[in-house]
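1. Quick one, what's the 3D model for this:
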Amino acid sequence: AQLEESGGGLVQSGGSLKLSCAASGNIYKIYAMSWYRQIPGKQRELVATIDSEAKTSYSDNVKGRFMISMDNAANTVHLQMNNLEPEDTAIYYCHADIMTHVPDTFREKYYWGQGTQVTVSS
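-> The predicted structure follows:
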């Protein structure tokens, strides 16, 4: 399977951006999809997660401003980011827990996207 992200860019403080991540390949089931972010020199941190039952969770520093959603038909996860702050500037990575199916084989594996830059100017 592969993950392809889109939607990053430059926005002013207080603005909004929407990130998308489409999963493709021999997908049998997506157990969960998440967004992480990483600032150079710092550890990658979990931002938001949505599971196959549409349960969501958020880090405290984005709760109330970001919303994660899933388009199951398109195997795509979205992250709507509102009221962005300069501290949200980072590379955002999509992560997925996917079971793939090729003839006679089921395999569960974690996947990462290539990352998309989000820059919030003050």
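2. From now on I want contacts and neighbour counts done on CA atoms only, so please keep to that.
-> Noted.
3. ok, which stretches of the chain are strands?
-> 2-6, 9-12, 17-24, 27-38, 45-51, 56-58, 66-71, 76-81, 90-102, 105-112, 116-121 (DSSP state E).
4. which residues touch the second one?
-> Outside strand 9-12, the residues within contact range by CA atoms under 8 Å, 6 or more residues apart in numbering are Leu17, Leu84, Thr116, Gln117, Val118, Thr119, Val120, Ser121, Ser122.
5. ok, for the second one, nearest residue in space, not its chain neighbours?
-> I take that to be Leu84. Gly14 (4.9 Å; CA to CA, 6 or more residues apart in numbering).
6. Local confidence estimate at the residue at the greatest distance from the centre of the chain?
-> Distance from the centre of the chain peaks at Asp104, with 30.1 Å (CA atoms, centre = their mean). In the prediction, the pLDDT value recorded for Asp104 is 85.
7. Val102: what's its closest spatial neighbour, skipping adjacent residues?
-> Asn26 (6.5 Å).
8. how much space is there between that neighbour and Ser13?
-> As judged by CA to CA, to the nearest Å, Asn26 and Ser13 stand 40 Å apart.
9. what do you get for Tyr31?
-> 34 Å.
10. Please tell me how far Leu19 sits from Ile27.
-> 21 Å.
11. Can you pick out the residue with more neighbours from these two?
-> Per other CA atoms under 10 Å, whichever of Leu19 and Ile27 has more neighbours is Leu19, with 21 against 18.
12. so who does the more buried one touch?
-> Counting by CA under 8 Å, 6+ apart, Leu19 has contacts Glu5, Ser6, Gly7, Gly8, His78, Leu79, Gln80, Met81.
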